[in-house]
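> have a look at this prediction, sequence included:
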There are 2 protein chains.
Amino acid sequence: MYERYWQQAGDKTSLLISGWHSMSYFSDVKNLCWFLEPQFAKEVIRLHDIVGNAVTMDRHIVVGTGSTQLFQAALYALSSPGGTKPISVVSSTPYYSFYRQVVEYLKSGLYTWAGDAAIFDKDEPYIELITSPNNPDGFIRQPIVNRSGGMLIHDFAYYWPQYTPITSPADHEIMLFTVSKTTGHAGMRIGWAIVKDKEVAKRMTKFIELNSIGVSKDSQLRAAKILQAVSDSCEPASDSRNFFENSYHHVAHRWQQLRKAVEESRLFSTPEFPTGFCNYTGRLFSTQPAFAWLKCKDEIENCEDFLRSHKILTRSGKHFGMSLKYVRISMLDRDSNFDLFIKRLSEMRL
Amino acid sequence: MYERYWQQAGDKTSLLISGWHSMSYFSDVKNLCWFLEPQFAKEVIRLHDIVGNAVTMDRHIVVGTGSTQLFQAALYALSSPGGTKPISVVSSTPYYSFYRQVVEYLKSGLYTWAGDAAIFDKDEPYIELITSPNNPDGFIRQPIVNRSGGMLIHDFAYYWPQYTPITSPADHEIMLFTVSKTTGHAGMRIGWAIVKDKEVAKRMTKFIELNSIGVSKDSQLRAAKILQAVSDSCEPASDSRNFFENSYHHVAHRWQQLRKAVEESRLFSTPEFPTGFCNYTGRLFSTQPAFAWLKCKDEIENCEDFLRSHKILTRSGKHFGMSLKYVRISMLDRDSNFDLFIKRLSEMRL
């Protein structure tokens, strides 16, 4: 979806990197996160300050190979290497399906998946994942366990004004962001964490050292250039179209198309979201998520299978801790694919 | 050490990447390793074929965020998720110190560090790491456990003709390489594995998907450009200096300086290496490793402390499963640092 914007932005977002540049493991030996490119950190802070979606003052920035690596770094940082048993990791259903796999794949003795936060009742330390707006269903979320010994990881991949009203600057212990959902550059594999506690930031940095001895400098430099272009486009005097305004209208149009198609087919429903006032845009609007969380009507048992039989590929609700009645559909695909999806959905009958 | 070569190589190794390029997670959906950039894979194969240090025909290439990520991918691929206990991972002392930390940091239930391969005597499956030439001591290595149920990971980071004679194309189940030791570009965080078995390559790819959803495309494209320049420089008609010849002479000169300084100080010894015929250069020479493995004389108990008191930072032998009598010293630092090190070493007295 974002490709066209960047094509139209032209050469000012091109990066030229010489053969002898950025050869060392180190980016800034004086920084706690020694592999963080200063230019990237600067642009991250600038963009958050412009959009107003996160507090950055007196916080530590940790860069990661996408927010997936940072999520694991946070689990490592919050768990106790000397503990006798792994700490429970929970998230409310429907939760981001990948998180469960990532927690489980190495059978770590540090942390273990404990499922739905809503039914977690152990009287012991735990880590709760809060994805807000949530992947897959798009709702704004708060922690729900609220017991002593709880530690929180906030995934704010979608807390940007093309997806949801920016109601206040988020200010939590560990907040994860990713270039892929901010600007569409998934292939860069660049994410960042904003971390309050110095020791937590140090342990996250240690994880990334052990996991991959740092993060691609080339991608950090490219991400810096892209974020800079986004921030520049937000300046009143800019000659570029405001990136978030442009993206907001693109997503809004797609949601209109989706809701119309859902209505015509009479086979599905989609969530309704409350409106909120966005401090960044000065606009009152409802969340318009990067994913559509579709629920099919009673006659259809398995929504994923049914849609596949109509040549629409989705991800079943079962992966998100929910029933087969649900599927998740990306709203950010290329225009041609999205248009085809809408056409097929509109014409669908039982 | 390599920076100067790349500075002199000029603009032909510069990469220009546009804002709208390489945005997707995917590089090649038809490839088993779906995040592998075809251009990078092509240049990897071309370079191995020119140098003759590894068999690439009918093998799978898996790209990683440095060979550190690939090493973990290999551990994941070779261990059994359904196993009742973790598989033992061994390596002969002195072993690369980082490997032990990487095996242990997540307390994985899939694999566990079991120490020195020379004394491993359990009658059960195991994974042996063979680093050749070895880090830290520079010797050519073979597997030494040789029991049934053994699985091998060959780390060939230093099997390049600036460090050691290329005596034959290596041909093992899993072989790891990294741009950082091949060309000096550590900041790219790009490594690659050459893998015989399709299922192993698939599981390594799955690990990288779970660990970081792929590998920076920007760095892969830049690595492709750098490897291309190296291969081009090896062509007979090239107007660039042959990269490996140039690097060989640079390392050879440093080893001469080191051996002279060691002799003058009378406080240390360094390993002597047998000569071998290099099929790539047609030259008979001894391994000249990227690290010097220094042993101090009897009067010095703790070699690291002693050298630190003379303003030389090293890594103690204890990290490599050896005594405090040993230290590891990088031979690839910038010229100015290396010259200062040689000066201090030469003037050192008890």
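Looks like it arrived, so ask away.

> now do the same contact list for A:L267.
A:C296, A:K297, A:I300, A:M348, A:R349, A:L350 (CB atoms under 8 Å, 6 or more residues apart in numbering or on different chains). C-beta: built from backbone N, CA, C; applies to glycine.

> for those, which one is nearest chain B?
A:M348 (26.2 Å; CB to the nearest CB).

> spatially nearest residue to that closest one, not counting backbone neighbours?
In space, and not counting its chain neighbours, A:M348 is closest to A:S265: 4.7 Å by CB to CB, 6 or more residues apart in numbering or on different chains.

> distance of the one you found from A:M331?
17 Å (CB to CB, to the nearest Å).

> burial check on A:G115, number of neighbours?
The number of residues packed around A:G115, counting by other CB atoms under 10 Å in any protein chain shown, is 16.

> if I read this right, it contacts A:S92, doesn't it?
No: with contact defined as CB atoms under 8 Å, A:G115 does not count as touching A:S92 (9.9 Å).

> other residues contacting stretch A:182-189?
A:1-3, A:5-6, A:47, A:65-66, A:160, A:179-180, A:216, A:219, A:222-223, A:226-227, A:230, A:243, A:332, B:22-25, B:27, B:65, B:212-218.

> please parse chain A into its domains.
The record's domain split for chain A, according to automatic domain parsing, is A:30-234, A:243-346.

> endpoints of the longest one, how far apart?
The separation between the terminal residues of domain A:30-234, taken as CA to CA, to the nearest Å, is 31 Å.

> what residues does the stretch 1-150 of chain A put near chain B?
Contacts of the stretch 1-150 of chain A with chain B, taken as CB under 8 Å from any CB of the partner chain, map to A:2-3, A:6-7, A:9-20, A:22-25, A:27, A:65-66, A:68-69, A:72, A:76, A:81, A:98, A:101-102, A:105-110.

> could you report the neighbour count for the closest residue to A:H319 other than its chain neighbours?
Among residues not flanking A:H319 along the chain, A:S97 sits closest, at 3.6 Å (CB to CB, 6+ apart). For A:S97, the count of nearby residues is 19 (other CB under 10 Å).

> quickly note the distance from A:S97 to A:L258.
In terms of CB to CB, A:S97 sits 21 Å off from A:L258.

> ok, now A:S269?
Applying CB to CB to A:S269 and A:L258 gives a distance of 12 Å.

> re the thing from before, my guess is the residue nearest to A:M348 contacts A:S346. True?
Yes: counting by CB under 8 Å, A:S346 is a contact partner of A:S265 at 6.4 Å.

> the two: who's more crowded?
Between A:S265 and A:S346, counted using other CB under 10 Å, A:S265 has the larger neighbour count: 18 against 15.

> now do the same for the more buried one: its pLDDT.
A:S265 is assigned 89 on the pLDDT scale.

> mind listing what it touches?
The neighbours of A:S265, taking CB under 8 Å, 6+ apart as the test, are A:L345, A:S346, A:E347, A:M348, A:R349.

> return the subset of these lying in strands.
Among the contacts of A:S265, DSSP state E puts none in strands.

> would you point out the most distant pair within these?
The largest separation in these, counting by CB to CB, is between A:L345 and A:R349 at 11.0 Å.

> of the two, who's got more company?
A:L345 (23 against 8).

> tell me where the stretch 251-350 of chain A has helices.
Applying DSSP state H, counting those that start in this stretch to the stretch 251-350 of chain A gives helices spanning A:303-309, A:335-346.

> which of these sits closest to A:P133?
helix A:335-346 (19.4 Å).

> in that closest one, which residues are buried?
For helix A:335-346, a neighbour-count test (16 or more other CB atoms under 10 Å in any protein chain shown) marks A:F338, A:F341, A:I342, A:L345 as buried.

> what's the local residue count around the closest residue to A:P81 other than its chain neighbours?
Distance criterion CB to CB, 6+ apart; nearest residue to A:P81, sequence neighbours excluded, is A:L110 at 6.8 Å. Look at A:L110: counted by other CB under 10 Å, it has 20 neighbours.
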